[in-house]
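Enquirer: I would like to see how this sequence folds:
(one chain, ligands or ions: 1)
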Amino acid sequence: MATGRIFSGVQPTGNLHLGNYLGAIRNFVRLQHDYECIYCVVDMHAITVWQDPAELKSTTREVAAAYLAAGIDPKQSIIFNQSQVAAHAQLAWIFNCIARMGWLNRMTQFKEKAGKHRENASVGLFVYPNLMAADILAYKATHVPVGEDQKQHLELCRDIAQKFNNDFGVEYFPITEPLILGAATRVMSLRDGSSKMSKSDPSDNSRINVTDDADTIARKIRRAKTDPEPLPETREGLKDRPEADNLLGIWAALSEQTKDEAVAEFAGGQFSEFKQRLADLAVEKLSPIADEMRRLMAEPDHVDAVLADGAARADAIARPILDEVKDIVGFLRQ
Ligand code: TYM
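Expert: Presented below is the predicted three-dimensional model:
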């Protein structure tokens, strides 16, 4: 058994997709056998952009249901929603005073999300990575499984930990390691191999949602953008063919193969046949999760009870850490 504590989170912003599953949630399930794991539904991150309140409650339960349906054991691991544990917001404030404007100005995700309307973005969106660092360090987590797009945020978390330790002359916060695992750490849009599969893409055809039914999955894969060439004979042949690269990466991840093995299996083949096999495999892997999610969503009281139990256990870990942080910073407390 590896030693260390894992923390990770998913935003409840709807449209949970194959990228979230292959880049993050599937790894969460696997890591729970080797680490103490804390998995969060980050509702406070979600409201950095507008969320309809009733919908936020429902999407929060949906991410929790996805965690459970994918196989996270709520007895062994902790599953909870962020806003139920006050330490996240409290530590985030301290980190707002540690992180530098210049660091946050470099965050590519802020630039992408704020777009041209930077002046109109919420302040929360700008300090989003500080809250993320607070999520992780409120538990002194040592490892954080994520998809590739979160790498820069995790570097900022390390910078914050380091600056806190330096400023106060302590060896307090760990320097957290990202865990970016598997053959699909950056799943791309089915409509455009150069942009990431994303919950917020206006085209539903760009992504496979975890809750899509079999026909929808097959249709989206059939219509996925490709080029006119047959599939390549070698890995080098994927260069400059982002759509083929993406679909073979998805195949590799779903079938537990390496990319090289996936390329070898379909070398020289036609996309039409490959897409049929990929659709069948995606349905085989996702439909049991979608079925279980639907069952859980029909029992919101059960999901809420899992989140409440997880929140109490998370709070019990974070509270003494926050007390120590207050002592280090110089806050009086009882
Ligand atoms: P979020 O909700 O955007 O995504 C959840 C997880 O899914 C991964 N992911 C992908 N992986 C592969 N291909 C894709 N196309 C793809 N899209 C998303 C993300 O990398 C992530 O692991 N800021 C985080 C949530 C968060 C968090 C944290 C994560 C808040 N606090 C603390 C780790 C630790 C986010 O927006 O994830």
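
Enquirer: skipping adjacent residues, who's closest to P230 in space?
Expert: Nearest-residue entry for P230: G268, 5.4 Å, with adjacent residues in sequence omitted and distances by C-beta to C-beta, 6 or more residues apart in numbering. No exception for glycine: its C-beta is placed from N, CA and C like everyone else's.

Enquirer: can I see the domain layout of this structure?
Expert: Described in terms of automatic domain parsing, the domain architecture of the chain consists of the residue ranges 5-185+299-329, 204-295.

Enquirer: quick one: mean pLDDT over the first one.
Expert: It stands for domain 5-185+299-329. Averaging pLDDT along domain 5-185+299-329 yields 97.

Enquirer: would you map the strands across the stretch 101-250 of the chain?
Expert: Using DSSP state E, counting those that start in this stretch, the strands of the stretch 101-250 of the chain run over residues 143-145, 177-179.

Enquirer: so what does the first one touch, helix or strand wise?
Expert: This points to strand 143-145. For strand 143-145, the elements it packs on are strand 5-10, helix 26-31, strand 177-179, judged by 3 or more C-beta pairs under 8 Å, 6 or more residues apart in numbering; DSSP states H and E.

Enquirer: any idea of the angle the helix of greatest length in the chain forms with strand 5-10?
Expert: Under DSSP state H, the helix in the chain containing the largest number of residues is helix 300-329. Between the direction of helix 300-329 and that of strand 5-10, the angle (axes from the mean of the first three to the mean of the last three C-alpha atoms, to 10 degrees) works out to 120 degrees.

Enquirer: chain center to helix 300-329, what's the gap?
Expert: In this view, helix 300-329 has its centroid 20 Å away from the chain centroid, taken as C-alpha atoms, centre = their mean, to the nearest Å.

Enquirer: mind listing what's buried in that helix?
Expert: The neighbour-count check on helix 300-329 (16 or more other C-beta atoms under 10 Å) flags 303, 306-307, 310-311, 313-315, 317-318, 321-322, 325, 328 as buried.

Enquirer: how about TSV for those residues, with distance to I47 added?
Expert: Formatted as TSV, the buried residues of helix 300-329 follow (distance: C-beta to C-beta, whole Å):
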residue	distance to I47
V303	20
V306	22
L307	17
G310	20
A311	18
R313	24
A314	19
D315	20
I317	24
A318	20
I321	24
L322	22
V325	24
I328	29
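
Enquirer: from the helices and strands packed on strand 143-145, which stretch is densest packed?
Expert: The highest average neighbour count among the helices and strands packed on strand 143-145, using mean count of other C-beta atoms under 10 Å, belongs to strand 5-10 at a mean of 24.

Enquirer: now the element after it, going C-ward?
Expert: On the C-terminal side of strand 5-10, the nearest following helix or strand under DSSP states H and E is helix 18-20.

Enquirer: and that following helix, anywhere near the ligand?
Expert: Yes: on the criterion C-beta under 6 Å from any ligand atom, helix 18-20 is in touch with the ligand at G19, N20.
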